[in-house]
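Peer 1: Need coordinates for the following:
(chains A and B)
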Amino acid sequence: GESVGLHLPTLSVQEGDNSIINCAYSNSASDYFIWYKQESGKGPQFIIDIRSNMDKRQGQRVTVLLNKTVKHLSLQIAATQPGDSAVYFCAENWAGGTSYGKLTFGQGTILTVHP
Amino acid sequence: NAGVTQTPKFQVLKTGQSMTLQCAQDMNHNSMYWYRQDPGMGLRLIYYSASEGTTDKGEVPNGYNVSRLNKREFSLRLESAAPSQTSVYFCASSDPRVGEQFFGPGTRLTVL
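Peer 2: Below you'll find the model as predicted:
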């Protein structure tokens, strides 16, 4: 199977609990942030994004919080389900003028949801 | 729309062999990227192409070459494969006005 994540931080929760995954980003000039979900054997999939002019954004069962003062990003998953089990990555980007360039990815967190 | 497609899905090479990983996107994106993903290392950028006709090195370019064949296609070539290149390779594309990158399903490469 997929061997990604042998040394990544892990979070284990029970089905139905809320999950919070944290991420510290590095570039104070970053103005766009994304959370990706990566299931075993698949490519990263977009979950939610937020721009630096916001501090909170909500999607379906997910909320992203941005604290620019301490350069911290969090992903909250409500009523976590076994299908949410995956590796979660945060990523930051910077428009640097008129266009976005390379994403910088965080280390990733393994979320395991127990039935 | 297929999004980002990659071929092959799996490949086993012997040390010293060469191969090309193919990537195509149908979203009319200007920017394309090649990443590798190793256990515990997250995603590391190998090469990227900000627009058709341009390519630039990323974090880990050694041992690789790329070609931006046209706006849709971006290939990654290993000229002389080494065991250290055993990894999962992901291609991605993006509209540079937006920031989000869309990923392909990956190629799992093993070099013996």
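Peer 1: May I have the beta-bridge partners of the residue nearest the centre of chain B?
Peer 2: Centroid-nearest residue in chain B: B:Trp34, 2.9 Å away (criterion: C-alpha atoms, centre = their mean). According to DSSP bridges, the residues that bridge with B:Trp34 are B:Tyr47, B:Cys91.
Peer 1: who's in contact with it?
Peer 2: B:21, B:23, B:45-48, B:58, B:64, B:66, B:74, B:76, B:89-91 (C-beta atoms under 8 Å, 6 or more residues apart in numbering or on different chains). Where you see a C-beta, it was placed from the backbone N, CA and C, and this is true even at glycine.
Peer 1: Check A:Gly59 too.
Peer 2: Neighbour list for A:Gly59: A:47-48 [criterion: C-beta under 8 Å, 6+ apart].
Peer 1: Repeat that for B:Tyr47.
Peer 2: Applying C-beta under 8 Å, 6+ apart, the residues near B:Tyr47 are B:33-34, B:55-58, B:61, B:64, B:66, B:76.
Peer 1: Can you flag which of the residues you listed belong to helices?
Peer 2: Of the contacts of B:Tyr47, none are assigned to helices by DSSP state H.
Peer 1: Check what pLDDT the residue sitting furthest away from the middle of chain B gets.
Peer 2: Distance from the centre of chain B peaks at B:Arg97, with 21.2 Å (C-alpha atoms, centre = their mean). With respect to pLDDT, B:Arg97 scores 78.
Peer 1: How about the one 10 residues further on?
Peer 2: Confidence per residue is given as pLDDT, and for B:Thr107 that number is 97.
Peer 1: Kindly report the same for the one 3 residues further on.
Peer 2: We note a pLDDT of 96 for B:Thr110 in this prediction.
Peer 1: before we move on, what about A:Ala95?
Peer 2: So, for A:Ala95, pLDDT stands at 65.
Peer 1: Could you do A:Ala29 as well?
Peer 2: As predicted, A:Ala29 sits at a pLDDT of 86.
Peer 1: Please apply the same query to A:Gly101.
Peer 2: What the model reports for A:Gly101 is a pLDDT of 70.
Peer 1: Hmm, it is touching B:Ala50, no?
Peer 2: Yes - the pair A:Gly101 / B:Ala50 is scored as a contact, 6.9 Å apart, by C-beta atoms under 8 Å.
Peer 1: list residues touching both of the two?
Peer 2: Counting by C-beta under 8 Å, 6+ apart, the shared contacts of A:Gly101 and B:Ala50 are B:31, B:96.
Peer 1: so who does the residue most central in space within chain A touch?
Peer 2: Centroid-nearest residue in chain A, with C-alpha atoms, centre = their mean: A:Trp35, separated by 3.4 Å. Contacts for A:Trp35 (C-beta under 8 Å, 6+ apart) come out as A:21, A:46-49, A:62, A:64, A:73, A:75, A:88-91.
Peer 1: can you rerun that using 10 Å?
Peer 2: A:21, A:23, A:44-50, A:59, A:62, A:64, A:73-75, A:77, A:88-91, A:106 (C-beta atoms under 10 Å, 6 or more residues apart in numbering or on different chains).
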